[in-house]
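Turn this into a model:
(one chain, ligands or ions: 1)
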Amino acid sequence: MTVEYDPFSAEVRRDPLPVYKQLRDDAPAYFMPKYDAWAISRFQDIWDLSSSNDLSAARGTTPAQLLTRDQPVAPMLNLMDPPDHTELRAVIRKCFLPKNVRAVEPIARQLANELLDAVADRAEFDAIDDFSARLSVTVACMAIGLPLEDGPQLTKLVQRFFSHDPDAEGMTEKGLGALAELTAYCEDMVKARRQQAPGSAEAIDAVVGFESGGRGFSDADAASHIAMLVIGGSETFPKVLANGLRRLWEHPDQRARLVADPSGIDDAFNEILRYDMPTQFLGRTVVNDLELHGHTLGANQPVIFLYASANRDEREFDDPDVFDVGRKPARILSFGAGNHACLGTHVARMEGRVCLKAILERFPEYELDLDRAVRLRTEFVQGFASLPVRIG
Ligand code: HEM
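Have a look, this model is predicted:
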């Protein structure tokens with residue numbers, strides 16, 4: 001069967017899952033002539049290619065960098081290759097170790113409860129704007145070392161960075177403007193930090209103090225790395241949580257199981273991550289020709305990893321389209337894999353545990369108003385921009 005796949009097509013944006021299945025079955029290495037790029041859809045292929053030295057992240061990873069090519073490639077950890085990437089990653093990684101995350105967990109728990117206290121008398125609240133976006137930006141500010149009171153301003157900038165024009169492919173002017181503003185804000189923070197004694201466990205110190213071959217980052221480059229951490233640290237979690245609230249609402253029996261026994265919440269969050277990964281794909285560029293399923297992926301061609309497809313691959317998961325909070329898969333691809341695997345995995349899992357527990361404890365019978373929810377259906381992100389949760 002001939003498969004037609006274009007991540008920007010209206011059909012794919014409406015519901016990408018059927019075409020992902022066709023790709024996995026019939027065209028696991030699929031060539032997109034329009035973009036001179038490849039789409040990889042099976043779990044094992046993406047897993048293996050994520051550690052391949054024949055691919056580079058240095059020419060971008062987002063659709064706007066690799067396909068429409070309207071987003072510039074900035075100095076950011078996720079856009080670097082070894083050996084520079086390995087050195088910087090090792091330094092930033094130390095700020096996100098499980099012991100650091102454990103120290104933040106009680107603060108996150110308190111914050112989650114305060115945010116729910118603030119809405120408890122209302123008939124409904126927004127899962128993202130009133131709750132998960134506030135929590136994730138505050139936790140990101142704590143980990144990075146930015147003033148907590150700047151959280152709301154940063155959330156707005158990051159949301160604007162992801163703004164999408166349904167009539168145009170790629171980045172919007174508004175989005176690029178927001179990135180420039182966010183980077184300028186981070187540059188001010190970097191300059192201020194250079195005046196202070198280093199030595200905290202915060203990521204901003206790791207970046208400001210980083211040296212390789214006797215040289216450190218300029219203020220502008222350090223700011224760009226920090227901006228990446230703000231975006232990565234605050235953007236995806238709220239969407240995952242909203243998807244999770246939706247699935248638990250659709251499966252009241254599974255929700256009731258978690259309410260009765262919250263020890264299953266970690267596995268449940270893992271299933272939420274697997275089932276509805278909001279980020280549809282990220283990619284790389286081929287540096288040395290490589291062979292896959294009878295095709296040659298040629299030098300300079302972009303390759304996109306369809307993470308959301310891999311997480312539904314029947315070669316990896318039994319009944320992948322069944323949502324089951326008791327599932328214990330050996331691995332998932334929601335945090336990527338290999339050299340660039342997410343550094344915030346422990347942070348994100350902690351946030352998932354804290355937020356789900358707080359909501360299920362306080363509002364075990366919550367209802368959703370999907371008719372008034374604002375859906376995100378872009379080539380890059382699937383999920384919600386706003387999700388009303390009824391509690392009154
Ligand atoms: C549910 C929430 C999150 C999800 C689903 C997620 C997902 C991902 C994915 C898929 C990648 C791989 C990127 C690639 O393939 O190029 C990644 C990278 C990264 N993430 Fe996350 N992330 C989340 C939360 C966070 C948080 C909370 C932080 C930090 C506070 C963070 C920091 C990073 C960093 C620094 C990288 C780049 C690592 C590198 O290039 O070496 N992420 N994330």
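
pLDDT score for the residue of the stretch 1-150 of the chain found nearest the ligand?
Of all residues in the stretch 1-150 of the chain, N78 sits closest to the ligand, at 3.5 Å by C-beta to the nearest ligand atom. In this view, the C-beta of every residue, glycine as well, is placed from N, C-alpha and C. Looking at N78, its pLDDT stands at 95.

near the ligand, which residues of this protein show up?
57, 61, 77-78, 89, 140, 143, 229, 232-233, 236-237, 240, 279, 282, 334-336, 340, 342-344, 347-348 (C-beta under 6 Å from any ligand atom).

So how do I select the buried members of these in PyMOL?
Those of the residues of the chain next to the ligand that count as buried under 16 or more other C-beta atoms under 10 Å are selected in PyMOL with:
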select buried, resi 57+61+77+78+89+140+143+229+232+233+236+237+240+279+282+334+335+336+340+342+343+344+347+348
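
okay, now I332: neighbour count?
I332 has 20 neighbouring residues, counting by other C-beta atoms under 10 Å.

For it, which non-adjacent residue is closest in space?
R274 (4.5 Å; C-beta to C-beta, 6 or more residues apart in numbering).

tally of neighbours for the one you found?
There are 23 residues near R274, going by other C-beta under 10 Å.

Go ahead and confirm it touches N311.
Yes. Using C-beta atoms under 8 Å, R274 is in contact with N311, at 4.7 Å.

Can you check the pLDDT for E173?
85.

same question, D165
On the pLDDT scale, D165 gets 70.

Not including adjacent chain positions, what is the nearest residue to it?
In space, not counting the residues next to it along the chain, D165 is nearest to T172; the distance is 5.0 Å by C-beta to C-beta, 6+ apart.

Identify the residues contacting that neighbour.
S163, H164, D165 (C-beta atoms under 8 Å, 6 or more residues apart in numbering).

And it, how far from the ligand?
For T172, the distance to the ligand equals 22 Å [C-beta to the nearest ligand atom, to the nearest Å].

quick one, phi/psi of that residue?
phi -100, psi 160 (degrees, to the nearest 10).

Which residue ranges of this structure form strands?
Applying DSSP state E to the chain gives strands spanning 29-32, 37-40, 55-56, 124-126, 211-212, 215-216, 282-286, 290-292, 295-297, 302-305, 367-368, 374-377, 382-386, 388-390.

Tell me which of those strands sits most buried.
strand 302-305 (a mean of 25; mean count of other C-beta atoms under 10 Å).

starting at the chain centroid, how far to that one?
17 Å (C-alpha atoms, centre = their mean, to the nearest Å).

Ok, stretch 68-81 next?
Worked out by C-alpha atoms, centre = their mean, stretch 68-81 lies 16 Å from the chain centre.

Identify each buried residue in that stretch, please.
In stretch 68-81, counting by 16+ other C-beta under 10 Å, buried: T68, R69, D70, Q71, A74, P75, M76, L77, N78, L79, M80, D81.

can you check stretch 37-50 too?
So stretch 37-50, judged by 16+ other C-beta under 10 Å, has buried residues A37, W38, A39, I40, S41, R42, F43, D45, I46, W47, L49, S50.

How about stretch 163-179?
Residues H164, E169, G170, M171, T172, G175, L176, A178, L179 are the ones in stretch 163-179 that count as buried (16+ other C-beta under 10 Å).

now, among those, which is nearest to the ligand?
Distances from the ligand to the buried residues of stretch 163-179, taken by C-beta to the nearest ligand atom, are shortest for L179, at 16.2 Å.

Would you mind confirming that the closest one makes contact with F161?
Yes. In this structure, L179 is within contact of F161 by C-beta under 8 Å, at 5.2 Å.

okay, and for the chain, where does confidence drop off?
For the chain, the stretches flagged by pLDDT under 70 are 1, 166-168, 197-199.

check contacts around the closest residue to the ligand within it.
In the chain, the residue that lies nearest the ligand is G344 (2.0 Å; C-beta to the nearest ligand atom). Contacts for G344 (C-beta under 8 Å, 6+ apart) come out as F96, G232, G233.

mind listing which of these are in helices?
Taking DSSP state H as the definition of helices, these contribute G232, G233.
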